[in-house]
Each structure stands twice: as C-alpha cells, then as structure tokens.
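Visitor: Okay, sequence plus prediction incoming.
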Amino acid sequence: MHVVVLGAGSLGSLVGGLLARAHEVTLVGREPHVSRVREGGLELTGAYDERVRPDARTDPPASADLAVVTTKAFDTDAAAEALAPVALDACLSLQNGMGNETTLAADLDCPVLAGTCTYGARLTEPGVVACTGVGEVVLGARGGGASEAADRVGTAFDAAGLHTTVAEDMPLRLWEKLAVNAGINATTALARVENGALLDGPAGGVARDAARETARVARADGLDLDDETAVAAVERVAEATAANRSSMLQDVEAGRRTEVDAISGFVAGYGVETPVNATTARLVRAWEAARDLR
Ligand SMILES: NC(=O)C1=CN([C@@H]2O[C@H](COP(=O)(O)OP(=O)(O)OC[C@H]3O[C@@H](n4cnc5c(N)ncnc54)[C@H](O)[C@@H]3O)[C@@H](O)[C@H]2O)C=CC1
Ligand SMILES: CC(C)(CO)C(=O)C(=O)O
C-alpha cells in the first residue's frame, strides 16, 4: 500500500515511520524535518530503536492508496485543500477534536475514515521521533457501520505492527474521546497541572463536569453516551497518563496555538447549555488572543 501522511510532525512521523516497515510511505511535512528524513532516514526512538526510510516532501504526491491526516485540528482545512487534487482510495484522520472528518470529506472524493490514536509521539529533533507510549489505533467508517475501506486500512496497519482495531461504532468512540479531551486538556492547561492531578485535586471537578456536558451534547447528537461513562473515561485516562502533561498544556507552555476550538469550543458551540466548556474555551481563547495566536 502507498500511504501519504499529511502533517508529518510528532504523531504523523511515528505512524508513518511504523507503516514504512511494511508499506511505501510518503511523509508530507515541513522543513528542516523533511530534508533530514530524505537524507538520512527517520529514526524511531523511545519505545522503538530503528531507522526507516520513507520518502519525505513538502507537497503531496499525485496519487496514493491512503492518506493519513495528522495535522493539528486548526490546520485541517489546509490539509483538505492540499489533498483535494490527490487521487486517493481512502483517507483516515487520526487527529484529536471533533469535525476533522467532516472538513476532509467536504473536499475529498474518497471515503473518509475516522480514527482515534493512543500512541504517544514527540518529534525530538528533525529526523528523529520518540514514541512516548505504545497505544492503539481504532478506526472505522466515520458514520459507523461496516466499511471495506476500514478493513483494508486495518489490515495494512496490522501488517506494519501497529496495534489496530477496526470498529463499527466510531461516532460513539469519537464522542467518548472528545469527553476525555474536553475534561483533561483545557483543565490541565489552565491549572498548569499534570493529568494525574485531576484524580483527586481541586481541578478534578471541573474535568468531570466538562465530561458530563460532553456526554449531554453527544446525546443531543443521537449517541448513547451517559454521564458516568464519560466521567469514568476521564478518570481512566487521567490515571493511565498521570505523569503526562496534556497536549494542550504543552502547547500553552511552548506558546503555541492550541486545539481548543475542536475540543471544548466544539462542545460549547453545539447549542446545548455547557457552561463549563464555554468558560474553559473562552479562557484558553483569551490566552491565545493575547499572544496573537488566533
Ligand atoms: N503527539 C501525540 O502523541 C498525539 C497527537 N494526537 C493528535 O494528532 C494531531 C497531530 O498532533 P502532533 O503530531 O502532536 O502535532 P505536530 O504539531 O507535532 O504535527 C503536526 C504537523 O503538521 C504539519 N502541517 C500542518 N499543516 C500542514 C500542511 N498543509 N502540509 C504539511 N504539513 C503540515 C505541521 O508543520 C506539524 O509539523 C493532533 O490533532 C493531536 O491532538 C493524537 C494522539 C497522540
Ligand atoms: C489522552 C490525553 C489527554 C493524554 O494527555 C491526550 O489526548 C492529550 O494530551 O491530548
């Protein structure tokens, strides 16, 4: 399979690097990373210790069997525009936040699959990506149900050694992941605490309320996500990643734009009363606006 990875930063380089063990892979990213990969290959460190040799460039090729999108959510429009002229059999988003698949499907002429990913990745220097946690990819039809494209992609990911599950209930899984991110990301970014501090610390109530609100919005969208399942998911992930600094906290600490619009902002923008998500979204956006990041 020829796989093009659009947005070869941390996660895209890890997933693309692992896929390159079994498939032809083209990483599409930014300099100086792409030149370094073209010249010396891509080094996988952390949980892995190997060097792979995917192609790397700054614009997508004319065709591929599959595009895996791993830009930040605020770059999905640009990713869709870049992929529109590419002849593809399927596209898969592994991004966090809600709405990415809809944005991609509006521009692409192929099935767009939904995915969640719990592998941890960090681009430590150009040409080198560290796997900070071996996790799982779950993928399937974005509207739910069986999908031949999802089965093909799942088989290809398995062949490369990625732990992969093909699921028929992606809408529910996306909402549950959104509840986890709405609970953990903005709360830890605003309180400047590790994920584990939400288990019994004073910010924990905010995270649980944000997850309950997300479940309420999911139900308004027709999904069967109850409050306690959403809260339990937040607690499970906060415990499993207790020492982690969430991606939003890392973005704030590094002075980078966050994915708040696709997470807390998405929940708050749905038309259901969600005062906690509305407040956390406004505070993170205020921080971004004060730094000219939006
Ligand atoms: N890093 C991680 O461990 C995980 C990340 N995610 C999600 O995956 C997504 C990506 O996260 P990261 O890899 O951490 O971000 P990142 O910022 O390291 O990588 C994104 C890359 O996309 C590139 N990019 C953006 N627009 C582009 C375009 N039009 N053409 C080519 N390259 C473009 C950027 O230059 C950047 O290098 C986010 O939605 C994140 O929430 C999900 C699970 C784990
Ligand atoms: C699961 C969690 C909350 C882990 O930190 C994450 O996805 C993130 O930080 O973006």
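Guide: Thanks, I have it. Residues are numbered from 1 along each chain as shown. Ligands and ions are numbered 1, 2, ... in the order given.
Visitor: What's the per-residue pLDDT of whichever residue of the stretch 51-200 of the chain sits closest to ligand 2 here?
Guide: Minimum separation of the stretch 51-200 of the chain from ligand 2 (C-beta to the nearest ligand atom) falls at Ile184, amounting to 4.1 Å. C-beta here means a position set from N, CA and C on the backbone, and glycine is covered the same way. Ile184 is assigned 97 on the pLDDT scale.
Visitor: where's it relative to Thr70, distance?
Guide: According to C-beta to C-beta, to the nearest Å, Ile184 and Thr70 sit 20 Å apart.
Visitor: In contact with the closest residue to Leu19 other than its chain neighbours, which residues?
Guide: Closest residue to Leu19 apart from its sequence neighbours, by C-beta to C-beta, 6 or more residues apart in numbering: Ala160 at 4.7 Å. Neighbour list for Ala160: 18-23 [criterion: C-beta atoms under 8 Å, 6 or more residues apart in numbering].
Visitor: Just these: which are in helices?
Guide: Counting by DSSP state H, these place 18-19 in helices.
Visitor: which of the contacts of Ala160 lies closest to Pro275?
Guide: Nearest to Pro275 among the contacts of Ala160 is Leu18, at 41.2 Å by C-beta to C-beta.
Visitor: so that closest one touches Leu44, yeah?
Guide: Yes. Leu18 lies in contact with Leu44 (C-beta atoms under 8 Å); the separation is 7.3 Å.
Visitor: Doesn't Val267 lie inside a helix?
Guide: Yes. Counting by DSSP: H, G, I helix; E, B strand; the rest coil, Val267 is located in a helix.
Visitor: burial measure for it, as a count.
Guide: 30 (other C-beta atoms under 10 Å).
Visitor: so it makes contact with Asn181?
Guide: No. Look at Val267 against Asn181 with C-beta under 8 Å: they stay out of range, at 9.6 Å.
Visitor: Name the residues of the protein found near ligand 1, please.
Guide: Counting by C-beta under 6 Å from any ligand atom, the chain comes close to ligand 1 at 6-7, 9-12, 28-30, 70-73, 75, 78-79, 82, 94-96, 117, 120-121, 123, 247, 259.
Visitor: Which pLDDT does the model give Gly201?
Guide: 88.
Visitor: The one 4 residues further on now?
Guide: As summarised for this prediction, Gly205 has a pLDDT of 97.
Visitor: The helix or strand hosting it: what's the following helix or strand?
Guide: Element membership of Gly205, judged by DSSP states H and E, is helix 204-220. Per DSSP H and E, the first helix or strand lying C-terminal to helix 204-220 is helix 227-240.
Visitor: Contacts for that following helix, please.
Guide: With C-beta under 8 Å, 6+ apart as the criterion, helix 227-240 contacts 176, 179-180, 183-184, 195-196, 198-199, 207-208, 211-212, 214-216, 218.
Visitor: what do you get for stretch 245-252?
Guide: 96, 184-186, 188-189, 192-195, 253, 257-260, 263, 284, 287.
Visitor: Spell out for me the ChimeraX command that would select the buried members of these.
Guide: Selection of buried members from those for ChimeraX, criterion 16 or more other C-beta atoms under 10 Å:
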select :96,184,185,186,188,189,193,194,195,257,258,259,260,263,284,287
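Visitor: Get me the contact residues on the stretch 101-250 of the chain for ligand 2.
Guide: So the stretch 101-250 of the chain meets ligand 2 at 180-181, 184-185, 195, 237, 241, 244, 246-247 (C-beta under 6 Å from any ligand atom).
Visitor: Try it again at 8 Å.
Guide: 118, 120, 177, 180-181, 184-185, 188, 195, 237-238, 241, 244-250 (C-beta under 8 Å from any ligand atom).
Visitor: Of those, which belong to helices?
Guide: 177, 180-181, 184-185, 188, 237-238, 247-250.
Visitor: among these, which ones are buried?
Guide: 177, 180-181, 184-185, 188, 237-238, 247-250.
Visitor: quick one: which of those residues is nearest ligand 1?
Guide: Nearest member of those to ligand 1, counting by C-beta to the nearest ligand atom, is Ser247, at 5.2 Å.
Visitor: Let's see the pLDDT reported for the closest one.
Guide: 93.
Visitor: Check Arg257 too.
Guide: 98.
Visitor: can you check Pro85 too?
Guide: Residue-level pLDDT assigned to Pro85 equals 98.
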